[in-house]
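S.K.: fold the following and give me the result.
(one chain, ligands or ions: 1)
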Amino acid sequence: MPGHLPFCAPDYILQQRSSGRAEIALRAATRADAETLGRQLADIDPWARLGIGSEEMSGFLSVSTDTKRCFTILCDGDRAGVIVLRHPWLMGPYLNLFAILPGYQRTGVGRAVMAWFESEAIAAGARNAFLCVSAFNIAAIAFYRRCGYSPAAFLDDLIKDGEDEILMRKRLHRTSSSA
Ligand SMILES: CC(C)(COP(=O)(O)OP(=O)(O)OC[C@H]1O[C@@H](n2cnc3c(N)ncnc32)[C@H](O)[C@@H]1OP(=O)(O)O)[C@@H](O)C(=O)NCCC(=O)NCCS
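M.R.: Alright, predicted model coming up:
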């Protein structure tokens, strides 16, 4: 469905509540979401180690545009994380910021949100999905590899001197050799 406008709705239900499973939903981030999540993210890595403070983070989360979308991730209605994406970017969307709050990690929420991110992109005809991850963030690199992303470029000193980022890419289309 190449005419599909991805990431544009104000909210999405990614997983319905059922026995033993929480509802996972997204809503366009509100100012209150941006302030609360900005404070929470500034306290955890990678942002703590990169020196990104709560004001800078809240400011970043509070601005959505046609090409930059900020969504709060909700588990049974409670804030569980945030996703910020840019589309269009490079023959597909770019995952600009992604966080699942510590109390919700390792429960499948991150994977569910990545599946939504990719299915929206595929419906819009995107060939790729991209993201950047700090080279020191071994856990996130393992997660993204598990989700099918591979390193595409090494960006030294990208955010601050002495800290490197890895650009990762997932092909969303089938190549002729994989058909
Ligand atoms: C990295 C992060 C997004 C993963 O989200 P999550 O909800 O905890 O991950 P899930 O529970 O959906 O796990 C999905 C898969 O990744 C694997 N995975 C998740 N965290 C992992 C870790 N710390 N180490 C190794 N593998 C991991 C899981 O084993 C799982 O594999 P499986 O489905 O085959 O069992 C989340 O932990 C997070 O936000 N961390 C802090 C902030 C951060 O680093 N964000 C990324 C910045 S680029």
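S.K.: just the helices in the chain please.
M.R.: 31-42, 47-50, 54-61, 109-123, 138-146 (DSSP state H).
S.K.: against which helices or strands is the first one packed?
M.R.: Packed against helix 31-42, as judged by 3 or more CB pairs under 8 Å, 6 or more residues apart in numbering; DSSP states H and E, are the following elements: helix 54-61, strand 68-75, strand 78-86. In short, each C-beta sits where N, CA and C put it, glycine included.
S.K.: rerun that using 7 Å as the cut-off
M.R.: Contacts defined by 3 or more CB pairs under 7 Å, 6 or more residues apart in numbering; DSSP states H and E place helix 31-42 against helix 54-61, strand 78-86.
S.K.: which of those sits closest to the ligand?
M.R.: Closest approach to the ligand among those (CB to the nearest ligand atom): strand 78-86, 6.2 Å.
S.K.: the closest one packs against which elements?
M.R.: helix 31-42, strand 68-75, strand 94-100, helix 109-123.
S.K.: adding distance to the ligand and mean pLDDT, write those out as CSV.
M.R.: What follows is the helices and strands packed on strand 78-86, written out as CSV (distance: least, CB to the nearest ligand atom, whole Å; pLDDT from 0 to 100):
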stretch, distance to the ligand, mean pLDDT
helix 31-42, 8, 98
strand 68-75, 9, 98
strand 94-100, 4, 98
helix 109-123, 2, 98
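S.K.: in this protein, where's the longest strand?
M.R.: strand 150-160 (DSSP state E).
S.K.: that one vs the ligand: in contact?
M.R.: No: applying CB under 6 Å from any ligand atom, one finds strand 150-160 separated from the ligand by no less than 11.2 Å.
S.K.: that strand vs helix 138-146, what angle?
M.R.: 150 degrees (axes from the mean of the first three to the mean of the last three CA atoms, to 10 degrees).
S.K.: list the contacts of strand 150-160.
M.R.: 50-51, 164-169 (CB atoms under 7 Å, 6 or more residues apart in numbering).
S.K.: so what strands line up beside it?
M.R.: When pairing is defined by DSSP bridges, strand 150-160 lines up against strand 163-171 (antiparallel).
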